[in-house]
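# here is a sequence with its predicted model. Questions after.
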Amino acid sequence: MDCLFCKIIAGEIPSGKVYEDELVYAFRDINPQAPVHVLVVPKAHIASADEITADNSAAVAAIFAAIPKIAAAEGLTNGYRIITNIGEDGCQSVRHMHFHLLGGKKLPESMA
Ligand code: 5GP
Ligand code: ZN
């Protein structure tokens with residue numbers, strides 16, 4: 001499968017890894033939109049959050065168990081934001097589900 005994030009997870013494309021466990025990989029966004037901008041992804045290919053099912057949701061639980069650890073390691077003691085874009089209207093540009101972890105500054109109040 002020709003998937004950018006699958007290649008990053010496999011180490012075929014270099015990335016700034018910040019966290020890894022059995023189910024989860026996290027790395028710095030190449031075009032950061034905040035002082036801390038990490039992408040948290042399942043190692044298994046799931047196209048978007050719209051593809052989450054009872055069969056693959058263990059990866060989602062693992063992602064959300066990893067996020068507080070990553071946030072703490074990044075020093076985000078005053079809060080942060082998690083965003084996942086889905087499909088065309090959500091402006092999802094990479095079709096491997098990813099959660100943006102944004103922080104390190106007071107983020108804009110508007111989300112859309
Ligand atoms: P989306 O727009 O799909 O929600 O987010 C995709 C994110 O992936 C963007 O924030 C973009 O900067 C990031 N991105 C795209 N290509 C690469 C890459 O090759 N390496 C890294 N680290 N991030 C990437
Ligand atoms: Zn993939």
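That came through, no problem. Ligands and ions are numbered 1, 2, ... in the order given.

# near ligand 1, which residues of the chain?
Taking C-beta under 6 Å from any ligand atom, the part of the chain that reaches ligand 1 is made up of 4, 15, 27-31, 39, 85, 91-94. C-beta here means a position set from N, CA and C on the backbone, and glycine is covered the same way.

# tell me if the longest helix along the chain is near ligand 2.
The longest helix of the chain (DSSP state H) is helix 57-73. No. Helix 57-73 lies apart from ligand 2 when judged by C-beta under 5 Å from the ion; the minimum separation is 11.9 Å.

# what's the following helix or strand after that helix?
Later in the chain than helix 57-73, the nearest helix or strand by DSSP states H and E is strand 81-83.

# and which of the residues of the chain next to ligand 1 is nearest residue 59?
In terms of C-beta to C-beta, no member of these lies closer to residue 59 than residue 39, at 14.4 Å.

# per-residue pLDDT of the residue nearest in space to the middle of the chain, please?
In the chain, the centroid-proximal residue (C-alpha atoms, centre = their mean) is residue 40; its distance is 2.5 Å. What the model reports for residue 40 is a pLDDT of 99.

# angle of whichever helix or strand it is part of against helix 57-73?
For residue 40, the host element (DSSP H and E) is strand 36-42. With axes from the mean of the first three to the mean of the last three C-alpha atoms, to 10 degrees applied, the angle from strand 36-42 to helix 57-73 works out at 160 degrees.

# paired strands for strand 36-42, with orientation please.
Strand pairing for strand 36-42, using DSSP bridges, gives strand 24-28 (antiparallel), strand 99-103 (antiparallel).

# redo those strands as JSON lines? Include distance to residue 58 and mean pLDDT.
Listed next are these as JSON lines, based on distance: least, C-beta to C-beta, whole Å; pLDDT from 0 to 100:
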{"stretch": "strand 24-28", "distance to residue 58": "11", "mean pLDDT": "98"}
{"stretch": "strand 99-103", "distance to residue 58": "15", "mean pLDDT": "98"}
